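Enquirer: Test case, fold it:
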Amino acid sequence: MRADAERNRAAILAVAGRLICEDKLDNVSMDDIATAAGVGKGTLFRRFADREGLIRALFDDRTGRAWATACDVAADTKVPVGERILTIVAAVFDLTVVELQPLMRALPGGCQSQTWAPWRALLAELISQLAPDADAEFLAAAIFASMRPEIADTISRQRHRDGVLDLTARTVGIG
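Expert: All right, here's what the predicted structure looks like:
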């Protein structure tokens, strides 16, 4: 990709993330995004065919960056495995329940479970290191299930986050 095209893409994703995730998804048009990013509508639509394509690209960009960080955390053997588990679960919560919630709700069919399969596998691997006799895949799936939007809609975000971290710690015997 040309340098100017990459700069435009980065600018569009940064602006779209701010407008869509921090403001209100329904109140943001493609025109708003193009104007705020300092690009023409043609540039925006050449890069992202439609609103759904832009939302998917923004989702993929944010999950990709977070995944790289999660892998670094998981690989840091200087940190106790229980602490790495809690760090990753907290990051997944912040990503899915806080940062990406508007995007996940806007994507057709919500967020596909295959998106989170590598994340669950990473968590399961860490759980198996801490609790070798446990069904790590099931426990990772149960922890992820505790972050579903239906729960986020019924209790405060802080209570939900605290509950997910407590569930994780108790489930894998941390603390």
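Enquirer: Which strands and helices lie in contact with the longest helix along the chain?
Expert: The longest helix of the chain (DSSP state H) is helix 51-75. Secondary-structure packing of helix 51-75 (3 or more Cβ pairs under 8 Å, 6 or more residues apart in numbering; DSSP states H and E): helix 3-16, helix 30-37, helix 81-93, helix 101-106, helix 113-130. From N, CA and C alone the C-beta is placed, and that goes for glycine too.
Enquirer: Not counting its neighbours along the chain, what's nearest the residue most central in space within the chain?
Expert: Nearest to the geometric centre of the chain sits residue 95, at 3.7 Å (Cα atoms, centre = their mean). Leaving out its chain neighbours, the residue that sits closest to residue 95 by Cβ to Cβ, 6 or more residues apart in numbering is residue 66, at 5.0 Å.
Enquirer: Let me see the contact set for the one you found.
Expert: 91-92, 95 (Cβ atoms under 8 Å, 6 or more residues apart in numbering).
Enquirer: Residue 28 now?
Expert: Counting by Cβ under 8 Å, 6+ apart, residue 28 has contacts 16, 19-20.
Enquirer: do that again at 7 Å, thanks
Expert: Residue 28 sits next to 19-20 when contact means Cβ atoms under 7 Å, 6 or more residues apart in numbering.
Enquirer: phi, psi of it?
Expert: phi -110, psi 120 (degrees, to the nearest 10).
Enquirer: start at 362 instead
Expert: With the count now opening at 362, the last piece we talked about shows up as residue 389.
Enquirer: quick one: low-confidence parts of the chain?
Expert: In the predicted model of the chain, residues 362, 384-385, 470-474 satisfy pLDDT under 70.
Enquirer: quick check: domain ranges of it?
Expert: Residue ranges for the domains of the chain, per the TED database: 362-410, 419-533.
Enquirer: For residue 432, give me its contacts.
Expert: Contacts of residue 432 by Cβ under 7 Å, 6+ apart: none found.
Enquirer: and the gap between it and residue 483?
Expert: 7 Å (Cβ to Cβ, to the nearest Å).
Enquirer: Same check on residue 393?
Expert: Residue 393 is 36 Å from residue 483, by Cβ to Cβ.
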